[in-house]
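> what's the 3D shape of this:
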Amino acid sequence: MHKATGNFDRPVITPGGRLRVIFKKSSPESATDVILIGPAELVFEGYIDVE
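Modelled structure (predicted):
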């Protein structure tokens, strides 16, 4: 069973590599103090036309 509040440290796999996400939850509906830890790798380069 997952706890709804407290301090969390979760691994996440992204296109740029593995990250750790650390965050706090004082209620089940929201997270604060979100920190991403890990290497940065370029996975997209280009332009997006927004009109």
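> can we go C-alpha only for contacts and neighbour counts from here?
Fine.
> In contact with the residue positioned nearest the centre of the chain, which residues are there?
Geometric centre of the chain, nearest residue: Val21, 4.8 Å, by C-alpha atoms, centre = their mean. Contacts for Val21 (C-alpha atoms under 8 Å, 6 or more residues apart in numbering) come out as 8-12, 34-37.
> hmm, try it at 7 Å
Counting by C-alpha atoms under 7 Å, 6 or more residues apart in numbering, Val21 touches 9-12, 34-37.
> Relative to Thr14, how far out is it?
12 Å (C-alpha to C-alpha, to the nearest Å).
> Repeat that for Lys24.
21 Å.
> just Val50 next, same as before
In terms of C-alpha to C-alpha, Val50 sits 25 Å off from Thr14.
> Tell me which of these two has more neighbours.
Thr14 (9 against 4; other C-alpha atoms under 10 Å).
> any weak-confidence spans in the protein?
Where the chain drops to pLDDT under 70, the residues are 1-2.
> so Gly6 touches Ser27, yeah?
No - using C-alpha atoms under 7 Å, Gly6 makes no contact with Ser27, being 8.4 Å away.
> right, and Asp9 touches Lys24 too?
No - counting by C-alpha under 7 Å, Asp9 does not reach Lys24; the two are 9.0 Å apart.
> Who has more neighbours out of the two?
The residue with more neighbours, out of Asp9 and Lys24, is Lys24; 16 against 13, by other C-alpha under 10 Å.
> Apart from its neighbours in sequence, what residue is nearest the more buried one?
Asn7 (4.5 Å; C-alpha to C-alpha, 6 or more residues apart in numbering).
> Name the SS class of that neighbour, please.
Here Asn7 is strand, with the state taken from DSSP: H, G, I helix; E, B strand; the rest coil.
> Strands - which of the contacts of Val21 land there?
9-12, 34-37 (DSSP state E).
> Now do the contacts for the residue of the chain most remote from its centre.
In terms of distance from the mean C-alpha position of the chain, Glu51 ranks first, at 28.8 Å (C-alpha atoms, centre = their mean). Applying C-alpha under 7 Å, 6+ apart to Glu51 gives no contacts.
> quick one: buried residues of the longest strand anywhere in the chain?
Using DSSP E, we find that the single longest strand of the chain is strand 17-27. Burial within strand 17-27, assessed by neighbour count using 16 or more other C-alpha atoms under 10 Å, is assigned to 19, 22-25.
> Good, wrapping up.
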